[in-house]
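Student: Whatever this is, show me its structure:
(one chain, ligands or ions: 1)
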Amino acid sequence: MNTEKSKRLYDEAIKFMPGGVNSPVRACRNVGKTPLFIDHAAGSKIYDVDGNEYIDYVCSWGPNILGHSDPEVIESVKKACDGGLTFGACHEGEIELANLIQRNMPSMEMLRLVNSGTEAVMSAVRTARGFTRRDKIIKFEGCYHGHSDGLLVKAGSGLLTNSIPDSSGVPKSYTDNTLTAVYNDELSVKKLFEEYGADIACIIVEPCAANMGVVPPKEGFLQFLRDITNEYGALLIFDEVITGFRLSLGGAQEYYGVTSDLTTLGKIVGGGMPLAVYGGKREIMECVAPLGSVYQAGTLSGNPIAVSAGIATLKALERNKDLYEKLDKKAEKLAASMKMAGLNVNREGSLLTVFFTDRKVVDYETAKKSDCKKFALFYSYLLENGIYSAPSQFEAMFVSYAHSDADIEYTCEVISKFELYNINKHY
Ligand code: KE4
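Tutor: So this is what the prediction gives:
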């Protein structure tokens, strides 16, 4: 692949932005590459500035479940732009989007639109603390909930990728109230409740972890979290920024049959625009200003352009009744080809990760055992064959509705040869 223009642009970008990027995991440092600069994307394809075409399994880290540049979403955004970009005031679209969210995720009896998953999680945790009048929270090692100070503890995604599990610049006092447990390990949670039970405001969890790579919850784990939070009067927050509208129309809570007190959404719900949501039980959300004393605000929250993209996306998901079944079949085909090639893959719905460790990956410790150098080979091999995937062992591959059978078959064929590639070229 000729990527000369990307390289030239990267040399410019690093003069302005740390690592030349606006989000660390895009930097491709840990796969020994410099990032591609993308010119445009449509459907399942993404095109770099050198004119190379790739089948895209990053999907902008999840939002593009319909594929890139979905005509209805684009049309909806264009139409909304004609009416003005932002009012800083109420508009009807907010009600329409809230209704679309609530009728698919009924546990979100009351909700607030914000601008990023980080903001949604930060606000949900503050609301849980305000409602319970308790300070401590439990998160799980390897789960990533955005970059608000109190959650940058043994976090996944870019922190795991760059081996900085706890960010500098966060005063110890900001994380003193953040307790960490082991994902899929009920005993580690029980011990924290036995020691701190009365002071734990909430558990926040990715109901299917996808920021240490994809690590599904073991049978009964989510119900256990539901039961123990009920027992101690703590709230259960499902961070569904990735799983919301990804695993099903009702998110992970419908998919696994366990309902949280508060839920955060992002990515898909904004249709590719900066929009996220937190919400849950009415009595909890009534603590949020202006009704209650938990303060949260945002200049561009619920702006008409992002809202129009969210509405168009959720309407499309509701209309395409076969979408989730089709996504599941496509992802299953990919997973099967990975297993045939001797690869260790975790899959949940249309989320997949190939791990380069012989052991089953069930938590942060087993995920960290993965050989990131081998992952980098896999990443480069896919890229050289026109397949664009996340440049990190600790992220997910996303399948979209736009991935055709031909895309999937081609990808399976490329993966099937990886074993040979490994043997012939690198081992
Ligand atoms: P944002 O602030 O990036 O919109 O959302 C933060 C967030 C919260 N919760 C979960 C479960 C998330 O996965 C995320 C963000 N995900 C990462 C990728 N795994 C975003 C990509 C990036 O950081 O560049």
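Student: Surely residue 272 is in contact with residue 309?
Tutor: Yes - between residue 272 and residue 309 there is a contact under Cβ atoms under 8 Å: 5.9 Å. Every C-beta, even on glycine, is put in place using the N, C-alpha and C of the backbone.
Student: Pull up the overlap in contacts between the two.
Tutor: residue 73 (Cβ atoms under 8 Å, 6 or more residues apart in numbering).
Student: for the chain, what spans make up the strands?
Tutor: 38-42, 45-48, 53-56, 110-114, 136-140, 178-181, 200-205, 235-240, 262-265, 276-280, 344-348, 351-355, 387-388, 397-398 (DSSP state E).
Student: and residue 82, which of these is closest to it?
Tutor: Closest approach to residue 82 among the strands of the chain (Cβ to Cβ): strand 110-114, 21.3 Å.
Student: other SSEs contacting that closest one?
Tutor: Helices and strands touching strand 110-114, by 3 or more Cβ pairs under 8 Å, 6 or more residues apart in numbering; DSSP states H and E, are helix 92-104, helix 117-132, strand 276-280, helix 282-285.
Student: Give the rounded mean pLDDT of stretch 61-77.
Tutor: Mean pLDDT, stretch 61-77: 98.
Student: Quick one: end-to-end length of that stretch, please.
Tutor: 20 Å (Cα to Cα, to the nearest Å).
Student: What about the closest residue to the ligand within the stretch 151-300 of the chain, how many residues nearby?
Tutor: For the stretch 151-300 of the chain and the ligand, the shortest gap (Cβ to the nearest ligand atom) falls at residue 241, measuring 3.5 Å. When neighbours are counted by other Cβ atoms under 10 Å, residue 241 registers 29.
Student: For the ligand, give me its nearest residue in the stretch 51-200 of the chain.
Tutor: residue 117 (2.3 Å).
Student: which residues touch the residue nearest to that residue when sequence neighbours are not counted?
Tutor: Using Cβ to Cβ, 6 or more residues apart in numbering and skipping residues adjacent in sequence, the residue nearest residue 117 is residue 266, 3.4 Å away. Going by Cβ under 8 Å, 6+ apart, residue 266 touches 116-117, 120, 241-242, 244, 275-277.
Student: So what pairs up with the closest residue to residue 192 other than its chain neighbours in the strands?
Tutor: In this structure, residue 192 finds its nearest non-sequential neighbour in residue 179, 5.1 Å apart by Cβ to Cβ, 6+ apart. Counting by DSSP bridges, residue 179 forms beta bridges with residue 138.
Student: from memory residue 179 sits against residue 197, does it?
Tutor: No - Residue 179 lies out of contact with residue 197 (Cβ under 8 Å); the separation is 11.1 Å.
Student: Neighbour count: the two, which is higher?
Tutor: residue 179 (21 against 16).
Student: Can you give me the buried ones in stretch 76-85?
Tutor: 76-77, 80 (16 or more other Cβ atoms under 10 Å).
Student: And stretch 181-198, by the same measure?
Tutor: So for stretch 181-198, counting by 16+ other Cβ under 10 Å, buried means 181-186, 188-189, 192-193, 196-197.
Student: can you tell if that stretch touches the ligand?
Tutor: No - between stretch 181-198 and the ligand, judged by Cβ under 6 Å from any ligand atom, nothing touches; the nearest distance is 12.5 Å.
Student: Up against the ligand, what does the stretch 51-200 of the chain have?
Tutor: Going by Cβ under 6 Å from any ligand atom, the residues of the stretch 51-200 of the chain near the ligand are 61, 116-118, 121, 144-146, 157-158.
Student: Nearest residue to the residue nearest the centre of the chain in space, ignoring adjacent ones along the chain?
Tutor: Nearest to the mean C-alpha position of the chain, by Cα atoms, centre = their mean, lies residue 242 at 3.2 Å. Leaving out its chain neighbours, the residue that sits closest to residue 242 by Cβ to Cβ, 6+ apart is residue 210, at 4.8 Å.
Student: if we can go back for a sec, figure out which of the strands of the chain is closest to residue 414.
Tutor: strand 387-388 (6.1 Å).
Student: got the contact list for the closest one?
Tutor: With Cβ under 8 Å, 6+ apart, strand 387-388 has contacts from 36, 46, 54-58, 382, 411, 414.
Student: try 10 Å this time
Tutor: 36, 38, 41, 44-48, 52-59, 379, 381-382, 397, 407, 410-411, 414-415 (Cβ atoms under 10 Å, 6 or more residues apart in numbering).
Student: Just the buried residues out of the residues you listed, in PyMOL syntax.
Tutor: Applying 16+ other Cβ under 10 Å to these, the buried members can be selected in PyMOL as follows:
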select buried, resi 36+38+41+44+45+46+47+48+52+54+55+56+57+58+59+379+381+382+397+407+411+414+415
